[in-house]
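**Q** With the sequence up front, the predicted model follows.
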Amino acid sequence: MTDQLPFDTVPFDMFGMPIPNCCIWCHNESPEATFDVSHVLPECVGNENQQTLPHGIVCKKCNNYFGTKIEPALLEDPLFHIIAVALRLKDPQDMNEFRDQIFDSKHPPVGSVERNLHCDIEISPKNMKLNVRYCIKGGIVKTYQKRELALLSRALHKIAFENLAWAMINKRIQENIDILDPRFEPVRKWSRYGEPTNHIRPVVRMLTTDVKPQWEFRLWKFGGDIGAELNLFGDWYAVSLTSSHAKAQDDLKQWVGSSRSNYHIWCIGEDLSLIKPSRNKCIKIARETWRKLTKAWDV
Ligand SMILES: [Zn+2]
């Protein structure tokens, strides 16, 4: 049985978790632990304080660990990287310019890169009007190492679990869920400590044809477990927050595989395996996104 838990943009008055003053990742409490404000979705992919956890939920040590060791895996992934470039996502910490380029040292092109300048020119006695289209064309091939898949999975589980904490603190879910409950142990152990070390906890990636500068979170109950779906820039990512490592892949396949007929569905696990359409081994998806820039000079 699958139920989406009601999630509202307006806080409910009746529920909501008090600030635990206990780190949701390592369970250290104050005064041993000092706390930090944690960005649920990292700042480096454009979260400028819209969604943060206040002090008393994530300790400084864990927050620093995720920021330096785990979350950079998102932008190393070429799909996130090209979206970050296309949407011109900025890290408010450094207004990082490396994201200006589709092809960089971490995402080198395979073969040659072409730049195309298309221009329609209209000339009248007093004006010249240029209608410009400028694009860059080339290929990136990513051969995933096991370690990279593990870091990507850990980053996505981290965002999903902190999203749950954010929803509870901000009273967005009409159900009391104890974020410190031992049932979330598999996701804590995996995201924070990479345990168990011999398996990669699976994430289902559902690719759409639209790229959007927004993100979204949904919480589901399926069977006796809780699953989370993240929409990151148009694509959906689903994880189980409670399934054991051994069951997680089967649970996820069952949960998402039956209903989402419009998506191409992959599992990020030991490798990239296609769940839907199941008869194919690989598949091609075409994307084209035009985005209005807010400032004309922001190019
Ligand atoms: Zn901690």
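**A** Perfect, thanks for sending it. Numbering: from 1, shown residues only.
**Q** which residues touch residue 19?
**A** By Cβ atoms under 8 Å, 6 or more residues apart in numbering, the contact list for residue 19 reads 54-57, 169. In short, each C-beta sits where N, CA and C put it, glycine included.
**Q** Quick check on those: which are buried?
**A** Taking 16 or more other Cβ atoms under 10 Å as the criterion, what is buried in those is 56-57, 169.
**Q** Give me every residue in the stretch 51-200 of the chain that's in contact range of the ion.
**A** Residues of the stretch 51-200 of the chain found near the ion (Cβ under 5 Å from the ion) are 59, 62.
**Q** can you map out the strands along the stretch 51-200 of the chain?
**A** Ranges of strands within the stretch 51-200 of the chain are 52-59, 110-123, 128-139, based on DSSP state E, counting those that start in this stretch.
**Q** Specify the stretch among the ones you listed that is closest to residue 42.
**A** Proximity to residue 42 (Cβ to Cβ) singles out strand 52-59 among these, at 10.9 Å.
**Q** Show me what that closest one is packed against.
**A** Contacts defined by 3 or more Cβ pairs under 8 Å, 6 or more residues apart in numbering; DSSP states H and E place strand 52-59 against strand 35-39, helix 146-169.
**Q** Run through the stretch 1-150 of the chain and note the low-pLDDT ranges.
**A** Scanning the stretch 1-150 of the chain with the threshold set as pLDDT under 70 gives 1-16, 46-49, 91-100.
**Q** could you redo the last one with a cut-off of 50?
**A** Scanning the stretch 1-150 of the chain for pLDDT under 50 picks out 10, 12-15.
**Q** Which residue ranges of this structure form helices?
**A** Along the chain, counting by DSSP state H, helices occupy 60-65, 72-76, 78-86, 146-169, 185-193, 245-257.
**Q** Out of the ones you listed, which is the most enclosed?
**A** Looking across those with neighbours counted as mean count of other Cβ atoms under 10 Å, the highest average goes to helix 146-169: a mean of 22.
**Q** quick check: angle from that one to strand 52-59?
**A** 110 degrees (axes from the mean of the first three to the mean of the last three Cα atoms, to 10 degrees).
**Q** Noted, bye for now.
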